Structure formats: structure tokens, C-alpha cells
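# got a sequence here, can you model it:
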Amino acid sequence: MKAIYVIGLAVGAAMFGSAQADEALAKAKNCLACHTVDKKLVGPAYKDVAKRYAGKKGAEAELMTSVMKGSMTGKWKDAGVTVPMPPNTTVNEAEAKKLVTWILSLK
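Below is the predicted model of the structure:
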């Protein structure tokens, strides 16, 4: 029983650490200048992004492209976002995948 408890703690710590690391990456890559986890800033809240793209086929690839190349299509106009997302040229593909995976995991 004690072993199961220890394993549960280790898994929980790893998941929490991963979430913190990905939020740290978002901060390091200046994503948090326009986004927050739970409320609209300049861009939509990451939780809203997760909700909109939940279960959508190709969501990860689409969001990775938006992160790296920007999104000038006005996808979030219905949510009151009127500023197009500029490309983030400091984010490479592996970082974009990590960021998008984190964003899509938010509830």
C-alpha cells in the first residue's frame, strides 16, 4: 500500500513539474505578454484555446503553426480578440509542440 502511495506522489509531482516547466517555457518565450492561462489578455486565454480545440483533428499541428508563423486570420474575433497573432520566431518546432501540448492539456 505504501508503494502505491509513493508511486502516486511521484506521478503527481512529475505531472505538476511538467506543467510548471511548460508555463516557464511560455514565460521565457514571451507568450505570456499576450496570453494568460485563464483570462483573455491581448489574445485568448489558454484554457479557452484548449476548450475550442478539444478533440479537433489536426489541432496540435494547426496551433504549432500559429505559434511559429502567427495567425492573421481572425480566428478569435468572435471572442473579442481583434489583434492578429504575430509569429514567434524565437520558438522552434520542439518548443512549439511542448507549448501546444501543455495548452491543450489545460481544463
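
# please make it C-alpha for all contacts and neighbour counts, starting now.
Will do.

# tell me the secondary structure at the one residue sitting closest to the centre of the chain.
A centroid search over the chain (CA atoms, centre = their mean) returns residue 103, at 2.5 Å, as the residue closest to the centre. Assigned with DSSP: H, G, I helix; E, B strand; the rest coil, residue 103 falls in the helix class.

# so how far is residue 48 from it?
9 Å (CA to CA, to the nearest Å).

# relative to residue 86, how far out is the residue nearest to the centre of the chain?
Taken as CA to CA, the span from residue 103 to residue 86 is 18 Å.

# ditto for residue 48
19 Å.

# what does residue 65 give?
Distance of residue 65 to residue 86, computed by CA to CA: 11 Å.

# the helices in the protein, which residues?
2-28, 46-53, 59-69, 93-105 (DSSP state H).

# by mean pLDDT, show me the worst of the ones you listed.
Mean pLDDT is lowest for helix 2-28 out of the helices of the chain, coming in at a mean of 58.

# picking up where we left off before, quick one: contacts for the residue nearest to the centre of the chain?
46-47, 49-50 (CA atoms under 8 Å, 6 or more residues apart in numbering).

# that's all I had, so thanks and see you.
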